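Peer 1: Just to be clear, the model below is a prediction. Sequence and coordinates:
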Amino acid sequence: MLKWALIFAIVALIAGALGFGGIAGAAAGVAKILFFLFAIGFLIFVALGVMAGKKIAGD
């Protein structure tokens, strides 16, 4: 998911540099949504990993 966010961010930068404002705005919006979804998923998996680690260690 982070890979797609980076791809859309690059597309937005290139489209913005070439003057395609609508495409740049749309690609930037998609990149922002994908990045935040990635960040939320990452935090959930980190929390689950910490809880599983505590359970395995017996704390």
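Peer 2: That came through fine.
Peer 1: got a list of what Gly58 touches?
Peer 2: Neighbour list for Gly58: empty [criterion: Cβ atoms under 8 Å, 6 or more residues apart in numbering]. For glycine as for every other residue, the C-beta is placed from the backbone atoms N, C-alpha and C.
Peer 1: pLDDT weak spots in the protein?
Peer 2: Within the chain, the segments meeting pLDDT under 70 span 59.
Peer 1: So which residues of the protein form helices?
Peer 2: 2-18, 21-57 (DSSP state H).
Peer 1: TSV for the ones you listed, including mean neighbour count?
Peer 2: Shown next, in TSV, are those (neighbours: other Cβ atoms under 10 Å):
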stretch	mean neighbour count
helix 2-18	15
helix 21-57	12
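Peer 1: Surely Leu37 and Met1 touch.
Peer 2: Yes. Using Cβ atoms under 8 Å, Leu37 is in contact with Met1, at 6.1 Å.
Peer 1: Which residues are in contact with the residue sitting nearest the centre point of the chain?
Peer 2: The centroid of the chain falls nearest to Phe35 when counting by Cα atoms, centre = their mean (1.9 Å). Contact analysis of Phe35 by Cβ under 8 Å, 6+ apart lists Leu2, Ala5.
Peer 1: So it versus Lys55, what's the distance?
Peer 2: 31 Å (Cβ to Cβ, to the nearest Å).
Peer 1: before we move on, what about Leu43?
Peer 2: Distance from Leu43 to Lys55, by Cβ to Cβ: 19 Å.
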